[in-house]
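1. I would like the atomic coordinates for the input below:
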Amino acid sequence: MKLSLILVAALLPVFGQAPPARPKPVISPEVHPDRTVTFRLQAPNAKEATVNIEGSKPLPMQKGDDGVWTVTTEPLAPDYYGYSLVPDGVSLIDPHNWLLKPNLLATQSMVHIPGPGLPWETTDVPRGELHHHFYKSGVIGDYRDFYVYTPPGYDPLAKTKYPVLYLLHGYSDDASGWTAVGRANVILDNLIAEDKSKPMLVVMTLGYGVPEIVTPGAGLRDPDLRMKNYNLYREALFTEVIPAIEKDYTVATDRNSRAIVGLSMGGAESLYVGLNNTDRFGWVGSFSAGGLDENFDATFPKIQDARNLRLLWIACGTEDRLIDWNRKMRGFLDTAKVEHVNIETPGIHSWLVWRRNLAAFAPLLFR
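-> Numbers count the residues shown, from 1 in each chain. The predicted structure is shown next:
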C-alpha cells in the first residue's frame, strides 16, 4: 500500500490530475411514451440548428451549456419519419441513429413511432423472403439490381403459379426504396396473414432508363431526357427483368396476373408503361404520379385499350404539389371513358402517404 501511494504521488506531477469525467452520451432520437420525440445534436460551434422531419415544418433546436442542441416534438402519429439535423444550414444524418432512409441524393435518418395494428409494423406472422438480384443490362449498359419478394409458403418446386406486382420507386430512390423505407415486404406479410391480400410476388426494379437523370442538377426537367428515361426503362423491364422473373420463379404469365404501380416518377412510369401495354398488364396504379407531359393524347395513344383493365387506381395527397397533374390526368381518363378509381387523401409528397397507398391498393389485386 505504501509503495502504491508513493507511485501515485510521483506520477501526479507528470500526468496531472485524474482525467475528467467523460461527457454523458448523446441519445438521439429518444421516443417517449406519449409519442413525443427528443432530438439531440452535439455541435458546440454551431450558431443555430433545426431538425427537419418528414411531413412537418423545421423545428428550431435550443443549445445547452454542454454544446448539445435539443428539441422535443409534439406527439407524432405512429409511423416511420425521415429527418435531418441541420446545423447552420447543413443537412446531416443523425450520428447516433442507425436507422437510415437511403436516397441517392439526400439520405436521411429515420425515427419509428410504433403503432399497433398498422400494416407496416412487424408482427408475429409468417414472413416471406426478399431476394436481391444483380445483372448487366444490355439495354441501359450498366450493372443494376432488382429485388423480389416471395410470399410465405412460396415453393419454387411446387406447381402453384403466383401473380406478380411490379412496384416502382420514385425519383432519387434506388431499388431498395420500397423495402428499406416503404416496408413493402412487411405490409404484404401482414395483409396476406390477415387474408386481406392474395399471395403474390413483388418485383422492385431500379427505375432509371437513363442513369444520369438522377445526378444532381439533371432531374426530370428536360422533357426529351425524361421520355428517353421512360422508354429505356420500359425496354429493360420487358426484355430483361420480366423474362428473368418468369424464368427463375413460378409465376403466371397472363396479363391478368401482372400488375404495375409506382410512386412519383415510378407512378408516371407505371401509367406510361401500363396504359400503353394493356396486353401485358391487367392492373395499373399510381401514387402521386408526376413527370409526364400534359399532352395526354400523345403520351397515351392507346388509351382506349385501357377500358379492358381490371383496375386503374390513381392516388395523390391533397397537399401534394402534384395534385393538379393527377386531377388533369383523371379528367383525361373521364373524357376517354376509361373507368378508374380516384383516391385523394390528406398528405404531402411523402412515404407517409405511399405506405398507406400500398396497403390499400394491394388487397384489390388479382381478385
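2. low-confidence bits of the stretch 101-250 of the chain, can you list those?
-> The stretch 101-250 of the chain contains residues with pLDDT under 70 at 219.
3. if we go to 80?
-> 216-221 (pLDDT under 80).
4. which stretches in the stretch 251-367 of the chain count as helices?
-> 265-275, 296-299, 323-335, 351-361 (DSSP state H, counting those that start in this stretch).
5. just the buried residues of the longest one, please?
-> Going by neighbour count (16 or more other C-beta atoms under 10 Å), the buried part of helix 323-335 is 323, 325-326, 329-330, 332-333. Any C-beta I mention is one placed from the backbone N, CA and C, and that applies to glycine too.
6. what's the answer for the shortest one, then?
-> Of all the residues in helix 296-299, those buried under the rule 16+ other C-beta under 10 Å are 296, 299.
7. let me know whether Trp354 touches Gly285 as I believe.
-> No. The pair Trp354 / Gly285 is not scored as a contact, 11.3 Å apart, by C-beta atoms under 8 Å.
8. those two: who's more crowded?
-> Gly285 (31 against 28; other C-beta atoms under 10 Å).
9. other SSEs contacting the helix or strand hosting Thr50?
-> Assigned by DSSP states H and E, Thr50 belongs to strand 49-53. If contacts are counted by 3 or more C-beta pairs under 8 Å, 6 or more residues apart in numbering; DSSP states H and E, strand 49-53 sits against strand 37-42, strand 59-60, strand 79-87.
10. rebuild the ones you listed as a markdown table, extending it with mean pLDDT, mean neighbour count and distance to Asp66.
-> Shown next, in a markdown table, are the helices and strands packed on strand 49-53 (pLDDT from 0 to 100; neighbours: other C-beta atoms under 10 Å; distance: least, C-beta to C-beta, whole Å):
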| stretch | mean pLDDT | mean neighbour count | distance to Asp66 |
| --- | --- | --- | --- |
| strand 37-42 | 98 | 21 | 8 |
| strand 59-60 | 98 | 14 | 18 |
| strand 79-87 | 98 | 22 | 15 |
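11. now those in CSV, with distance to Leu130?
-> As requested, these are exported to CSV (distance: least, C-beta to C-beta, whole Å):
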stretch, distance to Leu130
strand 37-42, 28
strand 59-60, 34
strand 79-87, 17
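12. is the closest residue to Pro152 other than its chain neighbours in a helix, a strand, or coil?
-> Excluding the flanking residues, the one nearest Pro152 by C-beta to C-beta, 6 or more residues apart in numbering is Pro126, at 3.6 Å. Here Pro126 is recorded as coil under DSSP: H, G, I helix; E, B strand; the rest coil.
13. contacts only, for Pro126.
-> Pro126 makes contact with 152-153, 189, 192-193, according to C-beta atoms under 8 Å, 6 or more residues apart in numbering.
14. got it, and Pro102?
-> 173-174, 176-177, 180-181.
15. please apply the same query to Asp173.
-> With C-beta under 8 Å, 6+ apart, Asp173 has these contacts: 102-104, 181, 207.
16. for it, pull up the helix or strand it's in.
-> Per DSSP H and E, there is no helix or strand for Asp173.
17. now the strands for the stretch 201-350 of the chain?
-> 201-205, 258-263, 283-287, 311-317, 341-345 (DSSP state E, counting those that start in this stretch).
18. who are the packing partners of the fourth one?
-> The contact analysis (3+ C-beta pairs under 8 Å, 6+ apart) places strand 311-317 against strand 283-287, helix 323-335, strand 341-345, helix 351-361.
19. want to throw these into JSON lines with mean pLDDT and distance to Leu263?
-> Below are the helices and strands packed on strand 311-317 laid out as JSON lines (pLDDT from 0 to 100; distance: least, C-beta to C-beta, whole Å):
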{"stretch": "strand 283-287", "mean pLDDT": "98", "distance to Leu263": "4"}
{"stretch": "helix 323-335", "mean pLDDT": "97", "distance to Leu263": "12"}
{"stretch": "strand 341-345", "mean pLDDT": "97", "distance to Leu263": "13"}
{"stretch": "helix 351-361", "mean pLDDT": "98", "distance to Leu263": "5"}
